[in-house]
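1. output the structure for:
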Amino acid sequence: MKRSGPLFTLFAGLALGLIMLSLNATTGEAGAPYGGAPTASPASTSPSVLPSPSKTARGKSAYAGRTDDDTAAVSVSVRGDRAVAYYCDGRTKESWLKGPVGADGSMKLSGAHGARLTGSLRNDRIRGTVEAGGRPAAFTAKKAVKPSGLYRATTEVRGATIDGGWIVLPDGRQVGIVTRDAVPTAAPRIDPETGAVTVDGERLTARPVVP
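-> Below is the predicted model:
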């Protein structure tokens, strides 16, 4: 009976050791490398947000040309997303039109008495159709280099309201109409370098049209 005491003590020590090892194993950091700190998970990254494409900046430019049937002239002045156009046969028929220019160069302009111009700006020209008091007429207007372009003068001379419009074509030809109290007549030539013109004995200045 005296020999059972040391054996009991030995077994009790072994059991205590196993319990301590089990406790250490269950309280350790999960996923931590042996002898080191836990590995940090990589920071989450959100996908970068790309800015929406901005409108292509469109500066100031003028375009001038003739209808396909060569009966009238058309000029369009563009600045940014706006445009002003003038249709003129140089005798009695004319129309001023205005409206927006889309980011893709498309334009739909309107004027008095149901006048309409639809077109598309591509590279250095505008191709479209204009309708002003008659059948639609196709036209092509190429980019104008000064002094070519669109000009206008509005004033009062001897009690009459004067409104003149001129298209100076790239080849130097001019097409224009001057209305006196809404009565149209062929316009006198302007000096394309200065815009100077004489109407009914009065010296006027026709200025480039800007939207």
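2. quick one: Leu97 from Ala115, how far?
-> 6 Å (Cβ to Cβ, to the nearest Å). (Each C-beta comes from the backbone N, C-alpha and C, glycine too.)
3. with Thr179 instead?
-> In terms of Cβ to Cβ, Thr179 sits 15 Å off from Ala115.
4. where does this protein dip in pLDDT?
-> 1-58 (pLDDT under 70).
5. what do you get if the cut-off is 50, keeping everything else the same?
-> 1-4, 6-12, 14, 16-56 (pLDDT under 50).
6. what ranges do the helices span in it?
-> Assigned by DSSP state H, the helices in the chain fall at 4-26.
7. give me the contact list for stretch 92-111.
-> Stretch 92-111 has contacts (Cβ atoms under 8 Å, 6 or more residues apart in numbering) with 55-56, 58, 72, 76, 78, 80-88, 112-113, 115-122, 126, 128, 130, 132-134, 165, 177, 179, 184-185, 211.
8. go ahead and confirm Gly195 touches Gly149.
-> No - if you go by Cβ atoms under 8 Å, Gly195 and Gly149 don't touch, sitting 10.5 Å apart.
9. overlap of the contact sets of these two?
-> Joint contacts of Gly195 and Gly149 (Cβ under 8 Å, 6+ apart) are Pro208.
10. mind checking which of the two has more residues around it?
-> Gly149 (23 against 18; other Cβ atoms under 10 Å).
11. with adjacent residues omitted, what lies nearest to that one?
-> Ala62 (3.8 Å; Cβ to Cβ, 6 or more residues apart in numbering).
12. any idea how many residues pack against the one you found?
-> Around Ala62 there are 24 residues (other Cβ under 10 Å).
13. who are the neighbours in contact with it?
-> By Cβ under 8 Å, 6+ apart, the neighbours of Ala62 are Ser75, Val76, Ser77, Val78, Lys143, Ala144, Ser148, Gly149, Leu150, Pro208, Val209.
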